[in-house]
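Participant: Give me a 3D structure for the following:
(2 chains)
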Amino acid sequence: MDINIFVITAIMLYGIGTYCLLTKRNLIRILIGLEILANAANLNFIAFSTIKASGLIDPLPHAFVIISIVLHGCIIAIGLALVIMIYRVYRTLDTKKLKRLRW
Amino acid sequence: MMRGITEFLLPNIVLIIFAAITPLIGFLEKKSGLKGLTGTWATISFLASSPFLYLLYREVSTEGEVTRWFATFVAPIGVEFRIDMLSIFLATVFILLGFVAAFNSIRYMEHETGQDMYYVLLQLMVAGMIGVVFANDFFNLFVFWEVMCISSYSLVAFRKYRWEAVEAAFKYLVMSTFASVTMLFAMSFLYGLTGSLNFDQMAQILRSSSPTTLHQLLIGLIIVAFGVQAAIVPFHSWLPDAHPAAPSPISAMLSGVVIKTGVYAICRLLFVVLPWQVGVDIFLGAIAVLTMFVGNLMALPQRDVKRLLAFSSIAHIGYIMLGVSVATINGLTGATLHVLNHAIMKGLAFLSFGVIIHQAGKVIGSTDEARIIDNIMGIGRKIPLTAVTFTIAILALMGIPSLNGFISELIIVVAAVKKGGIFILFAALTLLNIGISVVYYLLLLQRILLRPTSEKLEEVHEAPLSMIIPLIILSILCFTIGIYPRPFIEFAQKAALALLGSS
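Facilitator: Numbering: from 1, shown residues only, chains lettered A, B, ... in the order given. Next up, the predicted model:
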């Protein structure tokens, strides 16, 4: 199968995720942007795992992607916990209304 | 026989085993009412992992480098640890700082809840960092990198009832996760180009092919990805928020060693894996100088001492990056030695200042107030021992001869001058930066030591001895490296040779 379409999709997802991080003001949406970015990288890995030899799929990237999904799950869990803490202090999820959150 | 022990029990594995038992110790502490049991356990765990590091050091110094496979698979299907002198050197720094941070935390964190989790995260952070420097493929590098990052996010937000900590941790999380995802993205392309995740096999394929634009793009992505963790300008903006917001022993860990793993990863990938492109050295040198300037100039107007120390960490990352960009044996020796020296002196500065705000906070009422310089004018007279160690740390950061910072900064500057060309300009700018940094360090010392003590600080007392002992250990190291640097320079030189020899 042609992998170009997967690689192009991954690059597009990466762009969408970066755009989401740069423009969104809601904390939850920023975390969603991070998830999109992670999935772009994961998709790319899976796509490249098929090209080593015809008919052979390299198992290492699959193991890598599964572990990467777990790790990003952990990160998003911590991120959501922090969002809850931020909401308790500020009663808002808008980055503009937080005191220091500038990047 | 000896080899059998270190076959599986690498220092980071030992730390992970200890970390798994830590919650049990925390439970025992609650049941028995023995205060500080968990902290003592964590301190012992760092001590206990050092003999394994020493055994590994013995093995590496005879064999050059040591490879450990997981299970029975070998590369490219399996993943591996490759330990050389540079890994040993950095792992030594990590365990040293972990030990003093845990020791200092026993009293510093005694009033916090959830101490068992705190020590588990501290142990896992050090285990993750050691894993990063041992890794010889992207799989291990990424997994241990994330172990380190996840622990540091949680530790920054450990005092979750304070708005500053939570917000800084969220900012750190978003920026750092963006970086690690970018790294994963770059890795996937490198895997697509070479069909392997192993560093050696990648290097073989990448270096035999002619350089293309894709390679340059990937080098750029890698520098961005690790540059965020290393706090290289313009990706530094999380650091001055996250480092002061963390508890002081964690600030010492973050500023002292965690940011160095980013520099290490850039070095390892640029020198060992990716083809060295013409112009990368000048590019890195320019970024290093920019980093120094931003760090030093931003530190000048700070009223919050922890924030000032955080900005000074950015400046020191600039010095280290300059040593890396020179890319000669002397430059890398200086950079490696400065990693050790900066870890010691910045760790000492943060831990000493942590003791100061811990003692002043009891009197003033909040540790946040005690971080502002105007509130603790002249506190040095009240807590002489801590003030002395703080002064040693600041003088070392300033680069005073006979203390350790001077040695490595000298090696870096001399290496840059010897390289010639535009690096002479970079060396001159570095000297200018060291001059700028002297201004704010001296102002800080003058305010803490020489101003008359205000009445509200009359009640401040010297800290308990168990908080001071780690500071004394680090102060002695400052003097030892400053006065008798030869063995440390030789160790750093071996580490630098390990990096250059494989390219």
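Participant: How many residues are close by the residue lying closest to residue A:51 once chain neighbours are set aside?
Facilitator: Nearest residue to residue A:51, sequence neighbours excluded (CB to CB, 6 or more residues apart in numbering or on different chains): residue A:3, at 6.0 Å. Heads up, the C-betas are built off the backbone N, CA and C, glycines and all. When neighbours are defined as other CB atoms under 10 Å in any protein chain shown, residue A:3 has 16 of them.
Participant: Any buried residues in the helix ranked longest in chain A, and which?
Facilitator: Identified as the longest helix of chain A according to DSSP state H is helix A:59-90. Judged by neighbour count using 16 or more other CB atoms under 10 Å in any protein chain shown, the buried positions of helix A:59-90 are A:60-61, A:64-65, A:68, A:71-72, A:75-76, A:78-79, A:81-83, A:85-86, A:89-90.
Participant: before we move on, the earlier item: I figured the residue nearest to residue A:51 hits residue A:48, correct?
Facilitator: Yes: the criterion here is CB atoms under 8 Å, and residue A:3 meets it with residue A:48 at 7.1 Å.
Participant: how near is residue A:66 to residue B:486?
Facilitator: The spacing between residue A:66 and residue B:486, counted by CB to CB, to the nearest Å, is 49 Å.
Participant: meant to ask about residue B:274, not that
Facilitator: Counting by CB to CB, the gap from residue B:274 to residue B:486 is 34 Å.
Participant: In terms of neighbours, single out the busier of those two.
Facilitator: residue B:274 (21 against 8).
Participant: Show the contacting residues for that one.
Facilitator: Residues in contact with residue B:274 (CB atoms under 8 Å, 6 or more residues apart in numbering or on different chains) are B:203, B:206, B:215, B:218-219, B:222.
Participant: One more: residue B:494?
Facilitator: B:61, B:85, B:89 are the contacts of residue B:494 under CB under 8 Å, 6+ apart.
Participant: need these in CSV with neighbour count, pLDDT and secondary structure, can you?
Facilitator: Converted to CSV, the contacts of residue B:494 look like this (neighbours: other CB atoms under 10 Å in any protein chain shown; pLDDT from 0 to 100; DSSP: H, G, I helix; E, B strand; the rest coil):
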residue, neighbour count, pLDDT, secondary structure
B:61, 11, 89, helix
B:85, 23, 92, helix
B:89, 23, 94, helix
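Participant: Can you lay out those as CSV showing distance to residue B:166?
Facilitator: Listed next are these as CSV, based on distance: CB to CB, whole Å:
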residue, distance to residue B:166
B:61, 45
B:85, 40
B:89, 35
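Participant: that older thread, is the longest helix of chain A anywhere near chain B?
Facilitator: Yes: under the criterion of CB under 8 Å from any CB of the partner chain, chain B is reached by helix A:59-90 at A:59-61, A:63-64, A:67-68, A:71-72, A:74-75, A:78-79, A:82-83, A:85-86, A:89-90.
Participant: give the contact list for residue 81.
Facilitator: Just going to use chain A. By CB under 8 Å, 6+ apart, no residues touch residue A:81.
Participant: hmm, I had chain B in mind actually
Facilitator: Neighbour list for residue B:81: B:10, B:67-68, B:131, B:134-136, B:140 [criterion: CB under 8 Å, 6+ apart].
Participant: ok, now which ones touch the closest residue in space to residue B:156 that isn't next to it in sequence?
Facilitator: Closest residue to residue B:156 apart from its sequence neighbours, by CB to CB, 6+ apart: residue B:169 at 4.2 Å. Each residue near residue B:169 by CB under 8 Å, 6+ apart is listed here: A:82, B:153-154, B:156-157, B:242, B:245.
Participant: which secondary structure elements does the one helix or strand residue A:22 maps to contact?
Facilitator: Using DSSP states H and E, residue A:22 sits in helix A:4-23. When contacts are defined as 3 or more CB pairs under 8 Å, 6 or more residues apart in numbering or on different chains; DSSP states H and E, helix A:4-23 packs onto helix A:27-48, helix B:163-194.
Participant: Residue A:40 against residue A:18, yeah?
Facilitator: No: in this structure, residue A:40 is not within contact of residue A:18 by CB under 8 Å, at 9.5 Å.
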